[in-house]
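S.K.: I'll drop the sequence and a predicted model, then ask my questions.
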Amino acid sequence: MTSPPVGPAQPVGGVVHRPDDDCDESDGHALHLVAVSGINGATPPGARCQWAGLPWSVMAQAWKCSGLRWSAQGPVLAWDGGRLSPLSWGKRVSFAAAAGVRSCVGARGYPCPLRAGVSGRSAGARCEECARLDRAHSVAADGIADDPRPYHVYLAWFGPGLVKVGITAVGRGSARLLEQGAVCFTWLGAGPLMAARRTEELLRAALRVPDRIPYAEKRAVRAALPEKEEERAAELSVVYEKAVQLGGWPETLTREPFRSVDHVRAFGLADAPAALGEVRELVAGGSLSGELVAAAGPDLHLAAQDGVVVLDTRLMRGWDLVPSASGEIAFPVRHFEVPAAHRQDGLF
């Protein structure tokens, strides 16, 4: 096996990339996401080649995931220690939650001083104290009022009837929209933070456009997306026209023309089968295995034995992750109630 790089070992993990020459890849397609790949893709000490049909030996360290990120090349899983694992469609994702409890991930880069346990259903994976500290320094929670950076105001569409308004730092580009799972979006304007915030509040008050949409609602309507890009942008265009006709826009906000940016292909949703449900929580000893067919926001769409399920990767945070000994789903799954032909009414 490939030797790990020289240096102190860190509990990081990721995708086991295509095997080295020392591994015998039997079928040419098996690529397991397990919490055991080493630094820069090297296999960690104690692991043996899974493609050769050999078992993984017991390791001294478990591995922790810090969530899904979006790069210019696509979705990337991030691991504690700063390592990244690029993902691509068709790869098999397979892992299990080790015995024990899920631990608080801390806040603002600092570990939880209490090492508190957290619920398996918590997307934030933080105890009350750490969640409070994290929100206190958040632009979204108005925790920062003097940020000198320019901000974009955007409209984002997540599916029929689901349009929201929001702000993001201009320097971040469209990363925030990818992270939220926006199917398409358009910029409204750009300016200082407080001007962007006032514009956001104007749309909320005058047009009843929300600034938050629960992820459960976003997931449930992904199977109901129109096939054509112009159809997906239609509702966004209507809301944009109503927004620019409003009075009371801050003078320091520079308006931008309507231009819908579509993420369906970036998310892999164009060719992916409709998801049947979502993983509700991870539990100790549970496992999951499936082929990656799409990803949106923090979600992985995995084709398992009984159909496609959605895994919110935020649920992976705080768990010690180990290789899966089973190819079946052993986590609770909630099935979607919204049929594929469902169309919600628009906002207006």
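M.R.: Nice, I can see it.

S.K.: which residues of the stretch 201-348 of the chain score low on pLDDT?
M.R.: Within the stretch 201-348 of the chain, the stretches with pLDDT under 70 are 326-328, 338-348.

S.K.: for it, what spans make up the helices?
M.R.: Here the stretch 201-348 of the chain has its helices, by DSSP state H, counting those that start in this stretch, at 215-221, 229-244, 264-267.

S.K.: likewise the stretch 1-150 of the chain?
M.R.: Assigned by DSSP H, counting those that start in this stretch, the stretch 1-150 of the chain shows helices spanning 128-136.

S.K.: ok, which stretches of it are strands?
M.R.: Taking DSSP state E, counting those that start in this stretch as the criterion, the stretch 1-150 of the chain contains strands spanning 14-15, 32-34, 65-71, 74-79, 84-86, 92-97.

S.K.: Need the ones you listed in CSV (columns: mean neighbour count and distance to Val310).
M.R.: Any C-beta I mention is one placed from the backbone N, CA and C, and that applies to glycine too. Below are the strands of the stretch 1-150 of the chain laid out as CSV (neighbours: other CB atoms under 10 Å; distance: least, CB to CB, whole Å):
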stretch, mean neighbour count, distance to Val310
strand 14-15, 24, 19
strand 32-34, 23, 15
strand 65-71, 20, 12
strand 74-79, 20, 13
strand 84-86, 17, 19
strand 92-97, 24, 12
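
S.K.: which stretch among those comes nearest Met194?
M.R.: Set against Met194 and scored by CB to CB, the strands of the stretch 1-150 of the chain come closest in strand 65-71, at 27.5 Å.

S.K.: What are the contacting residues of the closest one?
M.R.: Strand 65-71 is contacted by residues 13, 35, 75-80, 84, 86, 105, 175, 178-179, 295, 297-300, 313-314, 316-317, 319, 321 when judged by CB atoms under 8 Å, 6 or more residues apart in numbering.

S.K.: Run me through the strand neighbours of that strand, direction for each.
M.R.: Its sheet considered, strand 65-71 pairs with strand 74-79 (antiparallel) by DSSP bridges.

S.K.: Could you check how far the strand it pairs with is from the centre of its chain?
M.R.: With CA atoms, centre = their mean, to the nearest Å as the basis, strand 74-79 stands 9 Å off its chain's centre.

S.K.: Just want the angle from that strand to strand 92-97.
M.R.: 20 degrees (axes from the mean of the first three to the mean of the last three CA atoms, to 10 degrees).
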